[in-house]
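Participant: need a structure here:
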Amino acid sequence: MKVKRRIIEIDQKLCDGCGMCVPACAEGAIEIVDGKARLVSEKYCDGLGACVGQCPKGAIKVVEKEAEDFDEEAVEEYLRKKGKRAVFASPNNWPVQIRLVSPELPFFKDSELVVVSDCAVAVYDDLKEELLKDRPFLIGCPKFDDAEMYVYKFEEIFKHNNIKKIVCVIMEVPCCSGLPMILKRAMKLADTQIPMEEVVVYVNKF
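Facilitator: Model (predicted):
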């Protein structure tokens, strides 16, 4: 059954068949066929676009069009035959690496965005219950990733989406302090002011 929805579109002229998009798709909806990335089936694509940020050629984008509806059961069966298992989570709670995310993902629209350092994710046991609550969240490390790339990525997110609030979760260590500064720089470049709450995670000292 065809419905109007968001789904990925691959520009075959731009695609060079590098395959970086394939592992980014948890549903297995993309494969390399005859040297090009191709959508295996419309019903396997959830339209979230986790693959978009992985394409170095910009050949993948999320569009809205008439397409076969996403089918979780079909994905589970498809992955089972490939020896994999599918577990579905709420799209609003889909954690995405900052460096991989597309600024135009639909769950950013009119949202309260949670930005978490990757170390904080590992030690903050109650993160989901206390802070996420159906908010989209991004994960990254301002020390080991490219800080300027982060600034650009957040600038684009702020320009394309009406972000209502930012919750920035960092560890007490100095290297994490760069994350809120990156967010403030991005807001300045995007010419916007977004309320931001900083949450610092401390490690118990014995």
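Participant: contacts, neighbours, all on C-alpha from now
Facilitator: Fine.
Participant: average pLDDT for stretch 125-134?
Facilitator: For stretch 125-134, mean pLDDT rounds to 85.
Participant: hmm, I typed the wrong one, I wanted stretch 41-59.
Facilitator: pLDDT averaged over stretch 41-59 gives 88.
Participant: and for stretch 170-177?
Facilitator: For stretch 170-177, the mean confidence score works out to 90.
Participant: can you give me the end-to-end distance of that stretch?
Facilitator: Taking C-alpha to C-alpha, to the nearest Å, stretch 170-177 runs 7 Å from one end to the other.
Participant: for that stretch, which residues meet the burial criterion?
Facilitator: Judged by neighbour count (16 or more other C-alpha atoms under 10 Å), stretch 170-177 contains these buried residues: 170-171, 176-177.
Participant: over to stretch 184-198?
Facilitator: In stretch 184-198, counting by 16+ other C-alpha under 10 Å, buried: 184-187, 189-190, 194, 196.
Participant: show me the two of the residues you listed that sit farthest apart.
Facilitator: Spatial extent of these (C-alpha to C-alpha) is set by the pair 189 and 196 at 15.9 Å.
Participant: counting only helices, which of the buried residues of stretch 170-177 make the cut?
Facilitator: Nothing among the buried residues of stretch 170-177 maps onto helices, per DSSP state H.
Participant: got CSV for these, with distance to residue 104 too?
Facilitator: Below are the buried residues of stretch 170-177 laid out as CSV (distance: C-alpha to C-alpha, whole Å):
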residue, distance to residue 104
170, 25
171, 28
176, 26
177, 26
